[in-house]
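K.L.:
I'd like to go over a predicted model; first the sequence, then the structure.
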Amino acid sequence: MSPVQTDVNYQASDGVNLDLGDRLDVRGLVVVGSDQSDEPGRLAGQFVNGTNEAVAVSFATEGSDKVSTSVPAHASVNLAEADDLVLSAVPGKAGDLVKVTISTSGSGENILDVPVLTADGYYKGLAAN
């Protein structure tokens, strides 16, 4: 009697998840960065808005400028497809975890440890430079 893995909650991706409360969710969040610290990095993952109103969400790391996007009501946004979601300076290199502050008007500021990955494999086209 082996336990069934689908009976256990787990993150089935490279990135990390965060529930921001009332049907606002971040899924599979990673920073596609470089092998050096303090270089630009692109956010990749999904932001899901299950509410009845559009939500403005912003992301930042220590030392980077805040970047923002809007997510329509009852929709999701692939963060990697948003050209303006590049952090100016990621305080870590590939293989590190960096603290990313995720903010919305309803959830306030939330800090999440996010892995930094290189632009290899299926992240190849996401290099920030």
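P.N.:
Received the coordinates, thanks. Numbering: from 1, shown residues only.

K.L.:
give me the most central residue, this structure.
P.N.:
With the centre of the chain defined as its mean C-alpha position, the nearest residue by Cα atoms, centre = their mean is L29, 3.1 Å away.

K.L.:
can you give me the distance of it to K99?
P.N.:
As for L29, its distance to K99 is 12 Å (criterion: Cβ to Cβ, to the nearest Å). All C-beta atoms are positioned from the backbone trio N, CA, C, and that covers glycine.

K.L.:
where do the contact lists of the two overlap?
P.N.:
Shared contacts of L29 and K99 (Cβ atoms under 8 Å, 6 or more residues apart in numbering): L112, V114.

K.L.:
pairing partners for the helix or strand hosting Q46, with directions?
P.N.:
Using DSSP states H and E, the element containing Q46 is strand 39-49. Paired strands of strand 39-49, with direction, are strand 24-33 (antiparallel), strand 75-78 (antiparallel), strand 86-90 (antiparallel) (DSSP bridges).

K.L.:
in the first one, what's buried?
P.N.:
When you say that, I think you mean strand 24-33. L24, V26, R27, G28, L29, V30, V31, V32, G33 (16 or more other Cβ atoms under 10 Å).

K.L.:
wouldn't Q36 be in contact with G92 here?
P.N.:
No: between Q36 and G92 there is no contact under Cβ atoms under 8 Å: 9.8 Å.

K.L.:
more neighbours: which of the two?
P.N.:
More neighbours surround G92 than the other of Q36 and G92, with 21 against 10 (other Cβ atoms under 10 Å).
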